[in-house]
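[1] quick one, fold the following:
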Amino acid sequence: MRKSTARPTLPSAPLLGPTPSLAQRLRRLALAVQGLVAAGAVLLLALLIWRMVAPAEALMADEWLAGASIRSLLIGNFTAAVRWRMVAVSLCSMALAWAVLWQLWSLFGHYRQGAVFAAPAVRHLRRLGWLMLAHALSQPLAGALMTVAVSMDNPAGKRQLQLSFGSDDYAGLLMALVFLAIARVMAEAARVAAENEQFV
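    Residues are numbered from 1 along each chain as shown. Below is the predicted model:
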């Protein structure tokens, strides 16, 4: 009796996307995440503008990236030069935060369409991980630059450079590495799924 050489048929569910019920839940989740991302981007912009125009007394009590209040770093008057140096340092850090939010928005835009394993989604996930890593590593440096920006006009011997690494920095670094690992796994899963789809 002759044996059949036909390849076994794999399940008919889509390999490069979620099932219909999962896709519907994923769309709702993606819309919620994109809403939060948009709100976060607006809040970052509002915070930057507030730091440019807020009264000096309000800013003196504000704890910036260094984790210390301006009052503890500044000797003398709170001048416009001090304010603009602080805003410049803050803008550099916020630029990375906006880049993270953009990648998150784009990633969940693909998820909202059900393209979980699509190459663009995997690329955005990988970029998100790298940007999160850059942001986590930059925070201690930004904090150190902030102490310099605030204390630059202090008398000689009173200028400060403080470099600190706290639990928030550790958590951000760990989360970035987790996202990079997930991106690697998703890329491999997409490759295997694409190969298996050829046999359907």
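[2] gap between Trp105 and Leu128?
    Distance from Trp105 to Leu128, counting by CB to CB, to the nearest Å: 10 Å. The way it works is simple: take the backbone N, C-alpha and C, and place the C-beta from them, glycine included.
[3] give me the more crowded residue out of those two.
    Leu128 (23 against 18; other CB atoms under 10 Å).
[4] other SSEs contacting the helix or strand encompassing the more buried one?
    Here Leu128, judged by DSSP states H and E, is contained in helix 119-151. Secondary-structure packing of helix 119-151 (3 or more CB pairs under 8 Å, 6 or more residues apart in numbering; DSSP states H and E): helix 70-73, helix 80-112, helix 167-197.
[5] off-centre distance for the first one?
    For helix 70-73, the separation from the chain centroid amounts to 29 Å (computed by CA atoms, centre = their mean, to the nearest Å).
[6] now do the second one
    What separates the centre of helix 80-112 from the centre of its chain is 8 Å, taken as CA atoms, centre = their mean.
[7] show me the contacts for His135.
    Ser93, Leu96, Ala97, Val100, Gly172, Ala176 (CB atoms under 8 Å, 6 or more residues apart in numbering).
[8] wait, Leu104
    Leu104 touches Val33, Val37, Leu128, counting by CB under 8 Å, 6+ apart.
[9] so can I have JSON lines of those residues showing distance to Met86?
    JSON lines is the format used below for the contacts of Leu104 (distance: CB to CB, whole Å):
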{"residue": "Val33", "distance to Met86": "31"}
{"residue": "Val37", "distance to Met86": "26"}
{"residue": "Leu128", "distance to Met86": "28"}
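[10] got those residues as a markdown table, with pLDDT and distance to Leu48 columns?
    Output for these, formatted as a markdown table (pLDDT from 0 to 100; distance: CB to CB, whole Å):
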| residue | pLDDT | distance to Leu48 |
| --- | --- | --- |
| Val33 | 93 | 23 |
| Val37 | 95 | 17 |
| Leu128 | 94 | 22 |
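[11] and which of those is nearest Val53?
    Nearest to Val53 among these is Val37, at 25.2 Å by CB to CB.
[12] returning to what we had before: for Thr19, state which of the contacts of Leu104 is nearest.
    Val33 (20.0 Å).
[13] what does the pLDDT read for the closest residue to that closest one other than its chain neighbours?
    Excluding the flanking residues, the one nearest Val33 by CB to CB, 6 or more residues apart in numbering is Phe108, at 4.6 Å. On the pLDDT scale, Phe108 is placed at 94.
[14] my guess is Phe108 contacts Gly35, does it?
    No - with contact defined as CB atoms under 8 Å, Phe108 does not reach Gly35; the gap is 9.9 Å.
[15] which one of those two has more residues nearby?
    Phe108 (23 against 11).
[16] quick one: contacts for the more buried one?
    Leu29, Ala30, Val33, Gln34, Val37.
[17] can you rerun that using 7 Å?
    Ala30, Val33, Gln34 (CB atoms under 7 Å, 6 or more residues apart in numbering).
[18] the helix holding Leu128 vs helix 167-197, what angle?
    170 degrees (axes from the mean of the first three to the mean of the last three CA atoms, to 10 degrees).
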